[in-house]
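Engineer: Model the structure of this input:
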Amino acid sequence: MLKDYATKPLFLNNPALSLICFGGKGGVGKTTSAAATAIYLADRNPHKSILLASVDPAHSLIDSLKETIPYKNLLVWEIDARLSYNKFIEKHNHTLINIFDKGTFLDRTDASNFLSISLPGIDELMGMVELADLLEHNDYDIVVLDTAPTGHTIKFLQMPNLIKRFLHIMDLMMEKHRYMTRLYLKYYKSDATDELIESLTKSINKIERLFQSKYCEFIPVMLPDTLSIKETMSFTSILNKYNISVNNVIVNRIFPVINCSFCNKQYLFQKNHIDRIRRYYDGLNVITIPLFKDEVHGIESLLKFANTIINNTNNKVTLYDPITSSESPRPAEIKGGFGETEGKYFLPIPKPAIKFLLFGGKGGVGKTTISSATALRLSDLYPKKRILLFSTDPARSLSYCLNTAIKNNGSYITDNLFVHEMDAEKEYQKLKHLYSEEIKYILPINNENAFVDIAFDTEIMDSFIDMLPPGIDEVMALTSIIDFIDNNKFDIFILDTAPTGHLIRFLEMPELAIAWLKFFFNLFLKYRDIYRMPRLSAFMVDLSKKIKKLLALLRDSNKTLFTPISILTEMSYEETIDLINAVKCLKIPVSQLILNMAHPLLQNNIDIDCHVCRNRIAYEKKMLASFKTTFSQESVCVINKNINEAVGIKALQLLGKNMYREFSGYSLAV
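Structural biologist: Numbers count the residues shown, from 1 in each chain. This is a model prediction of the structure:
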């Protein structure tokens, strides 16, 4: 628990800050908070140069701003990791090839091929490299950073250590060359290769120091609900371990206290959570942001949001007790169980042949909730089928949603439903252990075609496993799903996925991994007379087969369905279009679209006195029309916002019963 903080400065009024980062669970308002902060600082500090940047591959900064920025001192940059990587390789290609050529048994062709491979997990790596480069050149007085959802932000914060491992191996490669040069020429003169290693090392050390300094602050953003609170608490404890300052916490979208039973019930529910947040973050500025009547985007709206931050710190505002329900006019009493659906279209029960169900969408749309409810519903409908509910999100929120502890190797929560959260690091360590064991038995060979200096090459080869791309842990975790399939342990696989940007990366991973493995197969073949690694070679052949098998399964419309989930907002609408197009390009079959958390009175034609509900319903009706125009009306299922949270097994079982009401196969396609 975070305690014993002195009075904390508000980040909007702290002139010492040069790096302001926003993070948290998907869909809580990180992008809005970051954009509002950058707009406010640019407006109040015309003499300062400000950069608003996003390292989330599912970019939404431009959508949030909505219009041309009127400030000459503010630049907006959505970092394109692949473009950045290509530019980095193009700029340093010759130098990097020289490092491999001088310091390893690889020739220049091998090195060039290695650098041309698309790296799994490139987003966090290049995001950190770009940020380090920005800060090294001091082009901006303040950088405001919009990060990816929690799980991948944690991976982003781990990048300095990974990059330093890369640089250490590159330096080892060069050390062999330096030693041989001194041995034969009696001196060594630094060149471009040394300068690159030194420059990158200096940059990454600088950003690591900045993250831990008084010039940087990380602001967690959350909603007053169970899943968001638990994930944020876990996130802030990790920030604390990294010695990154957390002085302010934003609690977003708080319902007002007005003459409306729906709003007041939401407020009462939220108030208990807000009290819990204040207790946990005692000593920090807990900033409470009310629910805005419209979606927050555009300069004027974002400035209003920033001013609300200033006015709503915990030492300036209190939450008033709600009015009693007897004082509430219409809507009198909005009843309804978990996940009641609107219209005649419900989610059809998956036909028996379906083996893979994937749920995906923007952060905060309810992927974990709906995938958990689906798993419990199918567990009840098909008691003889063995079902696996599997999370590919590193935030690992299934246990929070189910409100039950899940063991590291998974747990049964019903007789036929097994829950497992992906542990990518654990799978990667298995590969690393195999490599380390294999490398012990390699005997360097000297002949006229290959000279290997034992002292340096042994250390380089021992460390070479750390040159694996940052996404290899997720590639390894993919294979654990195939292991379950090969073992015939489960009949139905339900995947709760990471938010959009990293879901697309995850689905692209099999093809990237196959290309990456092909490169290493060619290396093993080419240098089989120098290095023999039979166990590792066999492992990689098996890994390649598993990945190809998973790819074929994902593309089989008779066995796999991807269900997109969205909410009735403009930003979610735009992101859903991008997601569905990306999934279709990957040849993965797409099923019925779920529009989640709609206002319970969205499709009722009654007069509503509450201006908050009235405005919200009008906005959602407009967005629903857009969804039904873009995606055929018959393929859209609308699920109401719950009066209470769908947390825990019983609540999720009820949600599942309300979602799935007809025994037919999926016949609709978006």
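
Engineer: Could I get the buried residue list for stretch 595-604?
Structural biologist: Buried positions in stretch 595-604, judged by neighbour count with 16 or more other Cβ atoms under 10 Å: 595-602. To be clear about C-beta, it is placed using only N, CA and C from the backbone, and glycine gets the same treatment.

Engineer: Now do the buried residues in the helix or strand hosting residue 377.
Structural biologist: For residue 377, the element it lies in under DSSP states H and E is helix 367-381. By neighbour count with 16+ other Cβ under 10 Å, helix 367-381 contains the buried residues 367-379.

Engineer: Next: stretch 173-192.
Structural biologist: Those would be 173-174, 176-178, 180, for stretch 173-192 by 16+ other Cβ under 10 Å.

Engineer: Check stretch 132-143 too.
Structural biologist: Quick answer for stretch 132-143 (16+ other Cβ under 10 Å): 132-135, 140-143.

Engineer: Can you tell me which of those is closest to residue 79?
Structural biologist: residue 134 (9.8 Å; Cβ to Cβ).

Engineer: Just list what whichever strand or helix holds that closest one packs against, helices and strands only.
Structural biologist: Taking DSSP H and E as the definition, residue 134 sits inside helix 122-137. Packed against helix 122-137, as judged by 3 or more Cβ pairs under 8 Å, 6 or more residues apart in numbering; DSSP states H and E, are the following elements: strand 50-54, helix 81-103, strand 142-146, helix 150-157, helix 159-185, helix 192-211, helix 500-526.

Engineer: quick one, which of these is nearest to residue 302?
Structural biologist: strand 50-54 (10.6 Å).

Engineer: quick revisit: between all of the buried residues of stretch 173-192, which two are separated the most?
Structural biologist: 173 and 180 (11.8 Å).

Engineer: Name the SS class of residue 294, please.
Structural biologist: coil (DSSP: H, G, I helix; E, B strand; the rest coil).

Engineer: Can you give me the distance of residue 309 to residue 220?
Structural biologist: Using Cβ to Cβ, to the nearest Å, residue 309 is found at 14 Å from residue 220.

Engineer: Spit out the residues that contact the two alike.
Structural biologist: Here residue 309 and residue 220 share the contacting residues residue 250, scored by Cβ atoms under 8 Å, 6 or more residues apart in numbering.

Engineer: Can you pick out the residue with more neighbours from those two?
Structural biologist: Higher neighbour count among residue 309 and residue 220: residue 220, with 27 against 22, using other Cβ atoms under 10 Å.

Engineer: ok, and that one, which helix or strand is that part of?
Structural biologist: Per DSSP H and E, residue 220 falls inside strand 216-222.

Engineer: so where's the stretch 301-450 of the chain shaky on pLDDT?
Structural biologist: Filtered on pLDDT under 70, the stretch 301-450 of the chain yields the residue ranges 314-346, 395, 438-450.

Engineer: need the buried residues of stretch 132-143 in JSON lines with distance to residue 12, can you?
Structural biologist: Formatted as JSON lines, these follow (distance: Cβ to Cβ, whole Å):
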{"residue": "132", "distance to residue 12": "25"}
{"residue": "133", "distance to residue 12": "26"}
{"residue": "134", "distance to residue 12": "21"}
{"residue": "135", "distance to residue 12": "21"}
{"residue": "140", "distance to residue 12": "17"}
{"residue": "141", "distance to residue 12": "15"}
{"residue": "142", "distance to residue 12": "11"}
{"residue": "143", "distance to residue 12": "15"}
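
Engineer: Throw these into a markdown table and include pLDDT and distance to residue 107, thanks.
Structural biologist: Below are these laid out as a markdown table (pLDDT from 0 to 100; distance: Cβ to Cβ, whole Å):
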| residue | pLDDT | distance to residue 107 |
| --- | --- | --- |
| 132 | 80 | 30 |
| 133 | 80 | 30 |
| 134 | 79 | 35 |
| 135 | 76 | 36 |
| 140 | 91 | 41 |
| 141 | 93 | 46 |
| 142 | 94 | 46 |
| 143 | 93 | 41 |
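
Engineer: How is residue 253 assigned, secondary-structure-wise?
Structural biologist: Taking three-state DSSP, the label given to residue 253 is strand.

Engineer: Does it touch residue 223 like I think?
Structural biologist: Yes. Between residue 253 and residue 223 there is a contact under Cβ atoms under 8 Å: 5.9 Å.

Engineer: which one of these two has more residues nearby?
Structural biologist: residue 223 (23 against 19).

Engineer: Leaving out the residues flanking it, which one is nearest to that one?
Structural biologist: Closest residue to residue 223 apart from its sequence neighbours, by Cβ to Cβ, 6 or more residues apart in numbering: residue 28 at 5.2 Å.

Engineer: what's the burial count for the one you found?
Structural biologist: Neighbours of residue 28 using other Cβ under 10 Å come to 27.

Engineer: could you list every residue that touches it?
Structural biologist: 221-223, 228, 252, 363-364.

Engineer: just those: which has the poorest pLDDT?
Structural biologist: In terms of pLDDT, residue 363 ranks lowest among the contacts of residue 28, with 80.

Engineer: For it, list the residues it contacts.
Structural biologist: Taking Cβ under 8 Å, 6+ apart, we find residue 363 in contact with 25-28, 149, 499-500.

Engineer: measure it to residue 194 for me?
Structural biologist: Taken as Cβ to Cβ, the span from residue 363 to residue 194 is 43 Å.

Engineer: any idea how far stretch 86-103 is from the chain center?
Structural biologist: 30 Å (Cα atoms, centre = their mean, to the nearest Å).
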